[in-house]
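Asker: Pasting the sequence and the predicted coordinates here, then a few questions.
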Amino acid sequence: MDWDIAIKEFITLWVVIDPIGTIPVFLAVTAGLSVSQRHSIAIRATLIAGVILLFFIVGGQVLMEGLNIHLESFQIAGGIILFLFATTMIFGDGKPATEQKLFDGTVTHLAVFPLAMPSLASPGAMLSVVMLTDNHRYSIEQQLVTVAMMCAVIACSLALLLAAGPIQRMIGTAGASIISRVMGLILASVAVDNILSAVDTYFQLGL
């Protein structure tokens with residue numbers, strides 16, 4: 001294994017998956033739940049996110065090329081979805097209203113949305129794993145390195161989410177609500193930046 005490449009890919013995937021940035025979202029959507037429920041949500045969310053990203057590593061490029069979809073189109077669509085989710089964090093309750101309605105006493109819905117998607121397996125993360133495993137540029141060995149680094153980042157995400165309980169006790173419900181709104185604003189900015197970047201790349205505007 002080329003450790004320089006492995007470390008570079010780990011850093012890239014860490015940035016796009018953003019385990020630390022997921023903590024405020026996790027605290028916001030699990031406010032008021034028991035420790036066992038929070039742990040169950042964390043485990044399910046990271047497993048689902050890992051499976052989603054693995055799917056895009058294996059078949060994302062083939063799927064998009066088969067449907068003649070540009071990577072920029074995928075990035076714009078993902079940015080729009082991420083922006084809509086961000087608005088629920090900014091203008092909703094401390095726990096976004098949409099997730100409140102979806103929560104039915106099980107952890108399934110919260111684990112899938114918003115934690116697995118779009119927080120961990122974000123549009124940017126999906127796009128990144130597709131580009132890092134481009135069949136035209138990278139060998140099977142290099143793609144396996146990407147898979148290993150992705151799994152490492154997901155494992156780190158799980159560890160951070162499992163340790164989020166003490167953080168919640170420190171900041172309290174009001175703190176989690178504030179963090180949720182601030183994080184929503186950041187997510188909205190990231191979403192707009194993704195859209196502008198895709199438009200710039202597609203039209204070669206040189207912004």
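Answerer: Perfect, thanks for sending it. Everything quoted here is computed from the prediction, not taken from an experiment.
Asker: Quick check: nearest residue in space to the residue sitting nearest the centre point of the chain, chain neighbours excluded?
Answerer: The centre of the chain sits closest to residue 120, judged by CA atoms, centre = their mean, with a distance of 2.3 Å. The shortest distance from residue 120 to any residue other than its chain neighbours is 3.6 Å, reached at residue 49 (CB to CB, 6 or more residues apart in numbering). The C-beta positions use only the backbone N, C-alpha and C, and glycine is treated the same way.
Asker: Could you give the number of residues near the one you found?
Answerer: As a burial measure, residue 49 scores 28 neighbours (other CB atoms under 10 Å).
Asker: Can you classify it by secondary structure?
Answerer: Here residue 49 is recorded as helix under DSSP: H, G, I helix; E, B strand; the rest coil.
Asker: quick one: contacts for it?
Answerer: 17, 115-117, 120-121, 154, 157 (CB atoms under 8 Å, 6 or more residues apart in numbering).
Asker: so how far is residue 187 from it?
Answerer: 16 Å (CB to CB, to the nearest Å).
Asker: about what we covered before: in helices, which of the contacts of residue 49 appear?
Answerer: 17, 154, 157 (DSSP state H).
Asker: Adding pLDDT, write these out as TSV.
Answerer: As requested, the ones in helices among the contacts of residue 49 are exported to TSV (pLDDT from 0 to 100):
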residue	pLDDT
17	85
154	97
157	95
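Asker: If any of those are buried, give me the ChimeraX selection for them.
Answerer: In ChimeraX, this line selects whichever of those come out buried by 16 or more other CB atoms under 10 Å:
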select :17,154,157
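Asker: follow-up on the earlier one: in TSV: the contacts of residue 49, plus distance to residue 201.
Answerer: Converted to TSV, the contacts of residue 49 look like this (distance: CB to CB, whole Å):
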residue	distance to residue 201
17	21
115	29
116	27
117	23
120	24
121	22
154	27
157	28
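Asker: Which one of those is nearest to residue 84?
Answerer: Of all the contacts of residue 49, residue 117 has the smallest distance to residue 84: 12.6 Å, by CB to CB.
Asker: was I right about that closest one contacting residue 50?
Answerer: No: at 11.9 Å, residue 117 does not count as touching residue 50 under the criterion of CB atoms under 8 Å.
Asker: can you pull out the helices in this structure?
Answerer: Under DSSP H, the chain gives helices at 3-17, 19-29, 35-55, 61-66, 71-91, 97-102, 108-110, 123-132, 140-162, 164-203.
Asker: Just to check, residue 53 is in contact with residue 147?
Answerer: No: here residue 53 does not reach residue 147: they are 9.0 Å apart, not a contact under CB under 8 Å.
Asker: Among the two, which residue is more densely surrounded?
Answerer: More neighbours surround residue 53 than the other of residue 53 and residue 147, with 29 against 18 (other CB under 10 Å).
Asker: List the contacts of stretch 196-203.
Answerer: 70-73, 75-76, 79, 205-207.
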